[in-house]
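Colleague: got a predicted model here, sequence first, then my questions.
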Amino acid sequence: MAKIRITLNKEKRRLDVETNETLLEVLRDKLGMKSPKCGCDRGDCGSCAVLLSGKSVRSCLILAIECDGVEITTLEGISQDGMNKLQEAFIEFSSFQCGYCAPGVIISATELLKANPHPSLDEIKEALSGNLCRCTGYTPIFDAILAATKKEK
Amino acid sequence: MAIAHEYEYFAPASLFEATQILSQFGKKAAPLAGGTDLIVFIKEGMITPAAVIDLKRVKDLKALEIKAEGLFLGANTTFSDLVNSQIIKREYRLLWESAHSVASVGIRNRATVVGNICSAIPSMDAAPALLCYDAVVHLISLGSEREVPIQQWFVAPRKTLRKPDEIVAGISLKKPADKHAGIYLKLGRYKGEDLAQAGLGILVTEKWEYRLAFCAVAPIPARASSIEGLLFGKKLNPELILQVQNLIPTEIAPINDIRSSARYRTHICKVMMQRGLPAAVDRLNGVEIDNTGILGG
Ligand SMILES: Cc1cc2nc3c(=O)[nH]c(=O)nc-3n(C[C@H](O)[C@H](O)[C@H](O)COP(=O)(O)OP(=O)(O)OC[C@H]3O[C@@H](n4cnc5c(N)ncnc54)[C@H](O)[C@@H]3O)c2cc1C
Ligand code: FES
Ligand code: FES
């Protein structure tokens, strides 16, 4: 057991973690963040994506203890001030079916749009190449992201 | 899923401290960089370290250094560091393209080049570029340092010349003295996140020196020396490319696995040569080429 401090969704937290607990487990089971999902648990699907210091990572491949002193943002944090235009576009375009992939997809898209506010379809596809979706066929997801880049807010 | 295995975790702040811990635990310690391989290995019970030594806080393991004569990829350099560098994209295109072909943004943000060569899986994408740039691996242990040319680094699948008490501090790459151009071709089963069925790095200089290196088609990634010998000093022509293709079966030793049959791997290597060599030469002559379209969409 070790003590770590993190900044989770802008809030400073201290917590005890085991050396072999993953960030995904700690976020879901100890910190109540339900947006990161466990799909494959080995880095393949992207459903556990969160932002570490603004960069998307697979929380299933990161030890919680590695995150001492680090800033973490989950989808809950992105939505703190209400839904943003990206999330609204996801609803508008019905870009969810089961919705399991959606938090990871929105995390990846958030990272992309921060660096590149007006990406091409190819750039969107590349940014999302590590996010698997079993249901939507991807087209509504790409449409929503493209639409969000055109909306003013 | 919890990790069933238990271990001690260390996050040393200096290289000295890191090598000390490593010398104490020897074979029972696992250095941790991005964890994109290591955490999977531990989850799957493939390795059961007594100590995990996180190197991310070691300040001496600097990230990317770009110098006039070449590069130093410190152990903490991630694939995203390479992909996001305009200088790498412009001046080390082969390396940039290989970094860009690794997995997806979320993996590249964590995965390091050094972790890639330490895992040493046959399909690793960093190897062909490092082999073409005659890279040198810098190793440090308590009280000693050594350098190993990348050509000797890989011993067998997942086996390298690293000794258990050594940390890879970084990899240095030298630019060829003459004007040159390079390209990386990778075939996966689909576009997006997949390991290579075959990968080929090509570097060509204006004096017609060719450097060629494969991954995923032999137990270890390697330069194709007989083909390099055949091409040396010669301008490309269709007949020469045919001769190159005929040498491929002697240069590679592909396996049948879930990703591809050996026969298909041999075939695709021939196609890669046929399309990649002229593309590299075109680049040398200033032609803009998109490497991702060369093997089809
Ligand atoms: C979903 C997914 C897709 C992938 N796709 C690709 C792909 O397309 N192409 C590809 O090449 N790879 C791919 N990989 C493999 C992986 O991302 C790479 O091998 C990665 O570069 C490893 O680097 P890391 O920093 O994560 O290393 P880690 O996982 O931290 O470590 C890897 C190994 O190296 C050792 N090590 C790390 N740093 C040092 C050091 N400084 N000194 C000594 N030993 C060290 C560790 O102990 C461990 O054995 C993929 C992985 C995943 C999970
Ligand atoms: S659960 Fe982490 S990538 Fe699938
Ligand atoms: S909506 Fe079901 S996995 Fe994407």
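Modeller: Perfect, thanks for sending it. Ligands and ions are numbered 1, 2, ... in the order given.

Colleague: in the stretch 101-250 of chain B, which residue sits nearest ligand 1?
Modeller: Here the stretch 101-250 of chain B gets closest to ligand 1 at one residue, residue B:115, 2.2 Å apart by C-beta to the nearest ligand atom. Just so you know, the C-beta spots here come from the backbone N, C-alpha and C atoms, and that holds for glycine as well.

Colleague: can I assume that residue sits in a strand?
Modeller: No. Going by DSSP: H, G, I helix; E, B strand; the rest coil, the assignment for residue B:115 is helix, not a strand.

Colleague: residue numbers of chain A in contact with ligand 2?
Modeller: For chain A, the contact set with ligand 2 under C-beta under 6 Å from any ligand atom comprises A:38-41, A:43-48, A:58, A:60.

Colleague: could you flag which of the residues you listed are buried?
Modeller: A:38-39, A:41, A:43-48, A:58, A:60 (16 or more other C-beta atoms under 10 Å in any protein chain shown).

Colleague: intersect those with the contacts of chain B.
Modeller: Contacts with chain B within those, counted by C-beta under 8 Å from any C-beta of the partner chain: A:38, A:41, A:43-44, A:46, A:58, A:60.

Colleague: list the single closest residue to the residue nearest the centre of chain B in space, sequence neighbours excluded.
Modeller: Geometric centre of chain B, nearest residue: residue B:126, 1.7 Å, by C-alpha atoms, centre = their mean. In space, and not counting its chain neighbours, residue B:126 is closest to residue B:116: 4.4 Å by C-beta to C-beta, 6 or more residues apart in numbering or on different chains.

Colleague: show me the shaky parts of chain B.
Modeller: Scanning chain B for pLDDT under 70 picks out the ranges B:1, B:191-193, B:297.

Colleague: please enumerate the helices of it.
Modeller: B:15-25, B:38-43, B:79-83, B:86-91, B:93-100, B:105-108, B:113-119, B:126-132, B:150-153, B:225-231, B:238-251, B:262-284 (DSSP state H).

Colleague: report all helices and strands that the second one contacts.
Modeller: Using 3 or more C-beta pairs under 8 Å, 6 or more residues apart in numbering or on different chains; DSSP states H and E as the contact test, the elements touching helix B:38-43 are strand B:29-32.

Colleague: over to the fifth one?
Modeller: Here helix B:93-100 is seen to pack against helix B:79-83, helix B:86-91, helix B:126-132, strand B:180-187, strand B:198-205 when contacts are counted using 3+ C-beta pairs under 8 Å, 6+ apart.

Colleague: hmm, that helix in reach of ligand 1?
Modeller: No. No part of helix B:93-100 sits near ligand 1 under the criterion C-beta under 6 Å from any ligand atom; the closest distance found is 8.2 Å.

Colleague: chain center to that helix: distance?
Modeller: 10 Å (C-alpha atoms, centre = their mean, to the nearest Å).

Colleague: next one: the first one
Modeller: When C-alpha coordinates are averaged (C-alpha atoms, centre = their mean), helix B:15-25 and its chain have centres 26 Å apart.

Colleague: find the closest residue to chain B in chain A.
Modeller: Taking C-beta to the nearest C-beta, chain B has its nearest neighbour within chain A at residue A:130, 2.6 Å off.

Colleague: coming back round to it: would you mind finding the most buried of the helices and strands packed on helix B:93-100?
Modeller: helix B:126-132 (a mean of 28; mean count of other C-beta atoms under 10 Å in any protein chain shown).

Colleague: what is that one packed up against?
Modeller: If you count contacts as 3+ C-beta pairs under 8 Å, 6+ apart, helix B:126-132 packs onto helix B:93-100, helix B:113-119, helix B:150-153, strand B:180-187, strand B:198-205, strand B:210-215, strand B:222-223.

Colleague: any residues touching the third one, and which ones?
Modeller: Helix B:150-153 is contacted from outside by B:117, B:120, B:127, B:130-131, B:134-137, B:160-161, B:171, B:222-223, using C-beta atoms under 8 Å, 6 or more residues apart in numbering or on different chains.

Colleague: now, the most widely separated pair of the residues you listed?
Modeller: Of all pairs drawn from those, the widest gap by C-beta to C-beta lies between B:120 and B:134 and measures 18.1 Å.

Colleague: which of those two has more residues huddled nearby?
Modeller: Taking other C-beta atoms under 10 Å in any protein chain shown, residue B:120 and residue B:134 do not tie; residue B:120 has more neighbours (21 against 17).

Colleague: with adjacent residues omitted, what lies nearest to the closest residue to chain A within the stretch 51-200 of chain B?
Modeller: Of all residues in the stretch 51-200 of chain B, residue B:104 sits closest to chain A, at 2.6 Å by C-beta to the nearest C-beta. Spatial nearest neighbour of residue B:104, excluding adjacent residues (C-beta to C-beta, 6+ apart): residue A:130 at 2.6 Å.
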